[in-house]
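> predicted model and sequence follow; I will ask about them next.
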Amino acid sequence: MAKIPLLILSFLLLTLHSLSQNPNPNSAYEELKLRGFPVGLLPADVSSYSLNRTSGEFSVDLGGRCQLLLPPDNYLASYSRRVTGKLLDGRIDDLDGIKVRAFFSWWSITRIRSSGEDLVFEVGVASAKYPAKNFDESQECEGRRKKNRKVADY
Ligand SMILES: *[C@@H]1O[C@H](CO)[C@@H](O)[C@H](O)[C@H]1NC(C)=O
């Protein structure tokens with residue numbers, strides 16, 4: 001008998017939980033596409049995100065730190081548990097939470113711009129340009145459990 005109220009309670013808690021977080025993490029990738037970016041800028045491990053459509057301010061939760069190798073040069077990239085920034089048309093400003101290992105140190109990517117077929121990654125005053133098609137697919141974070149989530153179809 002005591003099981004029924006508990007069930008209802010869990011259901012209510014689950015409902016509240018899905019209201020405060022986005023119930024469909026996959027749509028974080030759709031938001032990227034809508035603004036002219038390939039989905040592969042984010043790892044395949046988004047657990048929730050929020051986006052203010054007016055200001056473009058976003059926050060993506062990856063459920064933990066995440067490392068992966070970025071194509072085409074296999075730079076090691078490190079994502080913080082939470083990545084924040086401003087998602088605008090063709091620009092991701094005020095980026096915080098993505099670092100790339102190159103020339104023996106870590107560099108924080110501060111802005112990503114879309115420029116024709118290329119993406120321009122800004123690291124302070126320096127920048128590097130790569131074909132956007134290298135980022136058409138989201139990669140799994142290294143050392144995480146495989147998921148069934150398909151992100152390349154958008
Ligand atoms: C979204 O951004 C706009 C413009 O900066 C701001 O006025 C508004 O309060 C923000 N909404 C939320 C829910 O933070």
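In hand now; what should we look at? What you see is a predicted model; the values in this text were computed from it and never measured.
> and the strand or helix carrying residue 86, what's buried?
Here residue 86, judged by DSSP states H and E, is contained in strand 75-88. For strand 75-88, burial by neighbour count (16 or more other C-beta atoms under 10 Å) applies to 75, 77, 78, 79, 80, 83, 85, 87. The way it works is simple: take the backbone N, C-alpha and C, and place the C-beta from them, glycine included.
> mind listing the helices for the chain?
3-20, 27-34 (DSSP state H).
> what's the pLDDT at the most centrally placed residue in the chain?
Nearest to the mean C-alpha position of the chain, by C-alpha atoms, centre = their mean, lies residue 42 at 3.4 Å. Listed pLDDT for residue 42 reads 95.
> who in the chain is up against the ligand?
Neighbours of the ligand within the chain, by C-beta under 6 Å from any ligand atom: 52, 54, 55.
> before we move on, the earlier item: looks like the residue nearest to the centre of the chain contacts residue 30 (just checking).
No. Taking contacts as C-beta atoms under 8 Å, residue 42 lies outside contact range of residue 30: 11.2 Å.
> where along the protein do the strands fall?
For the chain, applying DSSP state E gives strands covering 48-51, 57-61, 66-70, 75-88, 91-102, 105-108, 111-115, 118-123, 126-131.
> JSON lines for those strands, including mean pLDDT?
Below are the strands of the chain laid out as JSON lines (pLDDT from 0 to 100):
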{"stretch": "strand 48-51", "mean pLDDT": "95"}
{"stretch": "strand 57-61", "mean pLDDT": "96"}
{"stretch": "strand 66-70", "mean pLDDT": "93"}
{"stretch": "strand 75-88", "mean pLDDT": "96"}
{"stretch": "strand 91-102", "mean pLDDT": "96"}
{"stretch": "strand 105-108", "mean pLDDT": "94"}
{"stretch": "strand 111-115", "mean pLDDT": "97"}
{"stretch": "strand 118-123", "mean pLDDT": "96"}
{"stretch": "strand 126-131", "mean pLDDT": "93"}
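> contacting residues for the nearest residue to residue 144 once chain neighbours are set aside?
Of all residues not flanking residue 144 in the chain, residue 45 sits nearest, at 6.1 Å (C-beta to C-beta, 6 or more residues apart in numbering). Going by C-beta atoms under 8 Å, 6 or more residues apart in numbering, residue 45 touches 62, 63, 64, 66, 140, 141, 144, 147.
> all good on my end, thank you.
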